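**Q** Just need the structure, nothing else, for what follows:
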Amino acid sequence: MATEIYRDAWGIPHLRAGSAAELAHAQGLVTARDRAWQLEVERHRAQGTSASFLGESALPWDRFARRARLDDTAGRCFTELERRDP
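**A** As a prediction, this is how the structure comes out:
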């Protein structure tokens, strides 16, 4: 079965796929299209660089993210997931 993505009259995505892996890929595509801005904001938050575009009020979070090494933790988790399920 070919992967099918369509949106109804309200813009809600509906997905069909031949396997769980294909469905997960389609869901990732839809999420990236719909929420690219949010993915980008969260990337900056994890890296501790959100104050560069959100302003000085974001500095406390950026300090925390850098001290906690959130981006490093996320990277190590991703590497481990890839190792377990290539």
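**Q** Leaving aside the residues adjacent along the chain, what's closest to the most centrally placed residue in the chain?
**A** For the chain, the residue nearest the mean C-alpha position is residue 39 (4.7 Å; C-alpha atoms, centre = their mean). Nearest residue to residue 39 in three dimensions, chain neighbours excluded: residue 32, at 6.7 Å (C-beta to C-beta, 6 or more residues apart in numbering). The C-beta positions use only the backbone N, C-alpha and C, and glycine is treated the same way.
**Q** pretty sure the one you found belongs to a strand, no?
**A** No: going by DSSP: H, G, I helix; E, B strand; the rest coil, the assignment for residue 32 is helix, not a strand.
**Q** Residue 40 is in contact with that one, correct?
**A** No: at 10.5 Å, residue 32 does not count as touching residue 40 under the criterion of C-beta atoms under 8 Å.
**Q** Give me the pLDDT for the residue lying farthest from the centre of the chain.
**A** Residue farthest from the centre of the chain, counting by C-alpha atoms, centre = their mean, is residue 1 at 26.6 Å. pLDDT for residue 1: 81.
**Q** does it really touch residue 26, like I thought?
**A** No: at 11.6 Å, residue 1 does not count as touching residue 26 under the criterion of C-beta under 8 Å.
**Q** Spit out the residues that contact the two alike.
**A** Both residue 1 and residue 26 are in contact with residue 17, where contact means C-beta atoms under 8 Å, 6 or more residues apart in numbering.
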